[in-house]
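S.K.: Provided below for reference: sequence and predicted model.
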Amino acid sequence: MKTFIRQSVVILSLLISTLTLAAPQLPMKEPMGGEAFGHSVKPIGNGLYVFRWWVYRNIFLITDDGVIVTDPMNPKAAKLLQSEIRKITDKPVKYVVYSHNHHDHISGGDIFKAQGAKFIGHNNLLKELKDHPSPVIPLPDITFSDSYTLKLGGRTLELSYLGPNHGDSLAVMRLPEEKILFVVDIVTPRRVAFRGMPDFWPDEWVRSLKAIEKMDINYVISGHGPETEPAIDPASVVAEQRIYLEDLMTAVKQAMDSGTHSPDALRQQIKLPKYENWRYYQQWLPMNIERIWAYYHMGW
Ligand SMILES: [Zn+2]
């Protein structure tokens with residue numbers, strides 16, 4: 001009996017290590033794991049809604065001829081989104097618009113594809129998804145290079161590609177009549193940059209924010225924010241985000257110019273008290289600093 005148990009334990013641990021080795025490969029069907037996160041729907045007016053799942057947000061627009069959905073996020077969130085839309089209208093989802101190529105924002109759209117929705121994304125997004133495919137991310141049916149104007153049921157959504165900034169496929173989405181911009185990842189109001197700024201290119205990011213500041217908009221809806229943050233903000237949050245990045249870059253450059261080159265020392269030394277009320281200041285500022293160190297150190 002003892003031998004049997006010992007053998008079973010050995011077999012079981014072999015099995016577990018095999019599973020562990022197999023686990024971290026793409027594609028991931030549930031990029032967020034199986035946890036339950038809260039969600040909500042906020043009406044903005046004139047058929048426009050903000051859907052939030054955990055700290056992720058998208059917009060959907062109900063028109064006379066059907067619904068335009070943006071980033072479906074992940075399979076669980078997409079199902080919730082679909083049932084929330086069904087509570088408001090029985091019109092079909094005609095389009096799903098991708099903001100950029102990152103799987104944590106655009107997984108789960110296959111349920112809309114199954115009902116005949118067309119998918120839209122930047123040319124580079126199609127290339128990225130072919131390189132890193134996922135069974136739960138339908139490829140775009142419609143792609144564009146600089147801009148694309150989507151019209152449905154008398155409503156307009158303008159997509160603009162501003163060059164590389166966070167990856168190289170990000171499109172911002174403007175509702176020209178309402179002067180509202182939906183922007184994912186490159187504008188998150190009152191929060192420092194995300195962790196170690198994965199796939200963010202600092203100088204290109206600043207340049208893109210300057211381009212957004214020139215757009216004809218009064219309001220911004222960000223692709224991130226917890227329930228406690230407003231669903232919609234004044235357009236001034238774009239400049240605030242840009243100034244934060246410029247302050248961060250200046251502080252790191254000054255410290256490096258004065259002889260501090262160790263990223264560990266920079267992380268400890270640099271403080272930006274102007275932003276200490278921003279979310280994740282304590283936790284993520286040191287990671288932001290290290291990313292900017294890499295920018296000046298490696299030119300990346
Ligand atoms: Zn992203």
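M.R.: The structure has been received and is ready for your questions. Values in this document were obtained by computation on a predicted structure and should not be read as measured data.

S.K.: going by C-alpha atoms from here, please, whenever you check contacts or count neighbours.
M.R.: Noted.

S.K.: and stretch 142-161, which residues are buried?
M.R.: Under the neighbour-count criterion of 16 or more other CA atoms under 10 Å, stretch 142-161 has Thr143, Phe144, Ser147, Tyr148, Leu152, Arg155, Thr156, Leu157, Glu158, Leu159, Ser160, Tyr161 buried.

S.K.: which residues sit against that stretch?
M.R.: Residues from elsewhere that reach stretch 142-161, judged by CA atoms under 8 Å, 6 or more residues apart in numbering: 63-66, 118-123, 126, 162, 169-177.

S.K.: same check, this time on stretch 229-249
M.R.: Outside stretch 229-249, the residues touching it (CA under 8 Å, 6+ apart) are 42, 50, 187-190, 192, 202, 206, 209-210, 212-213, 217-222, 225, 272, 275, 288-289, 292.

S.K.: how far off centre is that stretch?
M.R.: Centroid displacement of stretch 229-249 relative to its chain, using CA atoms, centre = their mean, to the nearest Å, is 16 Å.

S.K.: quick one: mean pLDDT over it.
M.R.: Stretch 229-249 shows an average pLDDT of 98 in the prediction.

S.K.: list the buried residues in that stretch.
M.R.: For stretch 229-249, a neighbour-count test (16+ other CA under 10 Å) marks 231-233, 235, 237-242, 244-245, 248-249 as buried.

S.K.: go on, stretch 265-284?
M.R.: Across stretch 265-284, burial judged by 16+ other CA under 10 Å covers Leu266, Arg267, Ile270, Lys271, Tyr275, Arg279, Tyr280, Tyr281, Trp284.

S.K.: ends of that stretch, how far apart?
M.R.: For stretch 265-284, the first-to-last residue distance is 15 Å (CA to CA, to the nearest Å).

S.K.: what subset of the contacts of stretch 229-249 is buried?
M.R.: Here, 16+ other CA under 10 Å leaves 50, 187-190, 192, 202, 206, 209, 212-213, 217, 219-222, 225, 275, 288-289, 292 buried among those.

S.K.: kind regards, and thank you for your time.
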